[in-house]
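[1] Quick one, fold the following:
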Amino acid sequence: MYKHILCPTDMRERAYVALKKAVQIAHQFDSKITMLHVHDEFMDKKEREMLRVSVDKMKEKFAHIAIESKEEMKEIIKTFHAENIHIDYLLRGGKVETEIPKSAEEIGADLIVICTDGRDNIKDFISGTITEHVINKASCPVLVVPFGK
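    Residues are numbered from 1 along each chain as shown. Model prediction:
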């Protein structure tokens, strides 16, 4: 039923809850998982030039962050005994709430598994949570796993 699962992660505990569910589903349906980590501090070349920062130094910093993030995602996977599941690692820059549905569409994911802990600050009440934005923008089903409930 589900052949390609996108599981966004912010490397916090709640992301592990979503990943655990994604691994269970992948075992059940022989699915592939793509772990997505979005860095909102990544800037494109035009943004770096506008801020008058060293493009080369920023590229170097972003490359270092990307390598660390990928290694951290690989370590997380080891804890779930998912060695027999095909897993890809995707790193993006931008706003999390737009990059998740955009990435899902680009890679052809047929399910997004995300964890939420509800509205935990005033911004969430005013503009909505990341999960709400993903649900409203995604072109595939979104499985929302509650955290701490």
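
[2] check which helix or strand covers Leu19.
    Using DSSP states H and E, Leu19 sits in helix 13-29.

[3] Setting the sequence-adjacent residues aside, check what's closest to Met79.
    Slight slip there: residue 79 is Thr, not Met. Tyr16 (7.9 Å; C-beta to C-beta, 6 or more residues apart in numbering). Every C-beta, even on glycine, is put in place using the N, C-alpha and C of the backbone.

[4] what's downstream of the helix holding Leu19, the next helix or strand?
    Next in sequence after helix 13-29, counting helices and strands by DSSP H and E, comes strand 32-39.

[5] Mind pulling up the pLDDT for Val23?
    Model confidence at Val23, given as pLDDT, is 94.

[6] relative to strand 32-39, how tilted is the helix holding Leu19?
    Counting by axes from the mean of the first three to the mean of the last three C-alpha atoms, to 10 degrees, helix 13-29 lies at 160 degrees to strand 32-39.

[7] got the buried residues for helix 13-29?
    Arg14, Ala15, Tyr16, Val17, Ala18, Leu19, Lys20, Lys21, Ala22, Val23, Ile25, Ala26 (16 or more other C-beta atoms under 10 Å).

[8] Please apply the same query to stretch 132-139.
    His133, Val134, Ile135, Ala138.

[9] now the angle between strand 32-39 and the helix or strand hosting the first one, please.
    If you go by DSSP H and E, His133 is part of helix 130-137. Calculated by the same axes, to 10 degrees, helix 130-137 forms an angle of 120 degrees with strand 32-39.
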